[in-house]
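Engineer: Only the shape, not the letters, is given here:
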């Protein structure tokens with residue numbers, strides 16, 4: 001009953017107040033709309049729990065969403081993200097693919113699936129998904145797909161392609177954190193250490209640096225000969241990410257090898 005009341009408050013007042021029965025075809029459409037709206041509510045709840053790392057609760061909300069609307073693509077997209085975090089990779093991929101099957105022009109799931117594929121080392125497949133996302137003129141946040149495509153291209157060693165994507169992302173959102181971090185890494189790989197430093201400093205103005213960015217800062221300042229800045233990045237890395245692979249490399253003195 002509380003859920004029904006909530007639905008009335010978010011735009012179903014006329015439907016809730018209706019006293020006469022509509023024709024059967026209209027009733028079916030109304031039930032589908034109501035099911036989709038309930039599914040949307042539970043999917044949004046799942047997203048909230050996902051961001052808090054409460055994956056079991058998120059899965060419960062998604063089960064309810066798909067009971068209400070078994071063809072609701074955003075629920076499958078969210079399900080893919082949760083399974084990915086749980087390292088249930090087969091289930092994650094199946095969920096992303098089901099979302100795409102239900103809604104081929106759903107650019108958000110194309111971006112998420114592309115990111116998933118790149119993380120799994122399937123870079124070419126991931127880039128193909130980003131390109132499909134970018135072909136949609138109604139995609140509200142193409143900067144995300146561009147930044148992820150740049151990072152994916154960088155991971156596969158195609159620096160020129162990576163630069164093209166990253167420049168396009170930063171032209172849209174100059175402070176995009178994913179694009180800035182990938183651009184810093186690209187500059188470092190090309191030996192442009194001052195440019196790498198500047199990109200990292202700009203990134204640090206937006207948010208706290210993760211382990212990969214701090215490790216890049218250590219190596220960049222080491223190349224530039226600034227021992228104070230190098231020590232600062234190293235201290236942050238040890239303190240905030242004691243178990244990270246980048247911290248292990250720092251402790252080994254493995255400054256040249258890739259993070260592994």
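Structural biologist: Noted; the coordinates are in hand. Note that the coordinates shown come from a computational prediction; the quantities given were computed from them, not determined experimentally. Numbering: from 1, shown residues only.
Engineer: Going by C-alpha atoms from here, please, whenever you check contacts or count neighbours.
Structural biologist: OK.
Engineer: Check what contacts stretch 56-72 and list those residues.
Structural biologist: 32, 35-36, 38-43, 45-50, 75, 78-79, 82, 99, 102 (C-alpha atoms under 8 Å, 6 or more residues apart in numbering).
Engineer: and the residue nearest the centre of the chain, helix, strand or coil?
Structural biologist: Nearest to the geometric centre of the chain sits residue 112, at 5.8 Å (C-alpha atoms, centre = their mean). Residue 112 carries the three-state label helix when classified by DSSP: H, G, I helix; E, B strand; the rest coil.
Engineer: Spit out the contact partners of it.
Structural biologist: Taking C-alpha under 8 Å, 6+ apart as the test, what residue 112 contacts is 77, 81, 96.
Engineer: remind me which residues of the stretch 101-250 of the chain are low pLDDT?
Structural biologist: Under the criterion pLDDT under 70, no range of the stretch 101-250 of the chain is flagged.
Engineer: Which stretches in it count as helices?
Structural biologist: Along the stretch 101-250 of the chain, the stretches classed as helices by DSSP state H, counting those that start in this stretch are 107-119, 123-134, 142-155, 159-172, 177-189, 193-206, 211-224, 227-240, 245-252.
Engineer: returning to that earlier point: mind checking which of the contacts of residue 112 are in helices?
Structural biologist: Among the contacts of residue 112, the members falling in helices (DSSP state H) are 77, 81, 96.
Engineer: tally of neighbours for the nearest residue in space to residue 188 that is not next to it in sequence?
Structural biologist: Closest residue to residue 188 apart from its sequence neighbours, by C-alpha to C-alpha, 6 or more residues apart in numbering: residue 196 at 5.5 Å. The local packing of residue 196 (other C-alpha atoms under 10 Å) involves 26 other residues.
Engineer: wait, doesn't residue 196 sit right on residue 218?
Structural biologist: No - contact between residue 196 and residue 218 fails when scored by C-alpha atoms under 8 Å: they sit 11.3 Å apart.
Engineer: Flag every buried residue along stretch 185-192.
Structural biologist: 185-188 (16 or more other C-alpha atoms under 10 Å).
Engineer: How about stretch 102-109?
Structural biologist: Quick answer for stretch 102-109 (16+ other C-alpha under 10 Å): 105-109.
Engineer: likewise stretch 170-181?
Structural biologist: 170, 173, 175-181.
Engineer: that older thread, can you lay out the contacts of residue 112 as TSV showing distance to residue 71 and neighbour count?
Structural biologist: Shown next, in TSV, are the contacts of residue 112 (distance: C-alpha to C-alpha, whole Å; neighbours: other C-alpha atoms under 10 Å):
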residue	distance to residue 71	neighbour count
77	11	26
81	17	26
96	13	25
